[in-house]
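>>> here is my input; please provide its structure:
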Amino acid sequence: MVSETAIRDKLEDVIDPCSAANGSDLNIIEMGLLDEILIEGDHVRVELMVTSPMCTMVSYFIKEVRNEVTTLPGVSSVEVSADNGLRWTPSMLTEEAQTKRRRVLEARDEAAATDELS
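Next up, the predicted model:
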């Protein structure tokens, strides 16, 4: 039977497209989007949270999570669901994610300040 650790490791390969567009490349674990992993024999259920009810990436997350987890030995089926986007808060970001995000924002602010001085 597959382990929750193995599943979590695979989910680290699923990058949040919105964070990638902003230059921070945070995965769904770092973003705090993983709600629960349930393992029943060779069936895995992954429950996700999204950052907003307006999130347009739900189908992307479902497809990518399914694709990643299905590659694990001992997994024959994967079910993925996402919530309505009302529970997630920025405090759910890991410390590492908060640091990455802060660095990207600081670099952007520095670049903007440099442009203003030119």
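>>> in the longest helix seen in the chain, what's buried?
As assigned by DSSP state H, the longest helix anywhere in the chain is helix 95-117. By neighbour count with 16 or more other Cβ atoms under 10 Å, helix 95-117 contains the buried residues 97, 100-101, 104. The C-beta positions use only the backbone N, C-alpha and C, and glycine is treated the same way.
>>> packing partners of that helix?
Where contact means 3 or more Cβ pairs under 8 Å, 6 or more residues apart in numbering; DSSP states H and E, helix 95-117 is not packed against any helix or strand.
>>> what comes into contact with that helix?
By Cβ atoms under 8 Å, 6 or more residues apart in numbering, the residues outside helix 95-117 that reach it are 19, 22-26, 30-32, 93.
>>> hmm, back to that, dump the buried residues of helix 95-117 into JSON lines; add distance to I37 as well.
Formatted as JSON lines, these follow (distance: Cβ to Cβ, whole Å):
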{"residue": "A97", "distance to I37": "19"}
{"residue": "K100", "distance to I37": "24"}
{"residue": "R101", "distance to I37": "25"}
{"residue": "V104", "distance to I37": "29"}
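>>> strands of this structure, start to end?
Along the chain, counting by DSSP state E, strands occupy 34-40, 43-48, 77-82.
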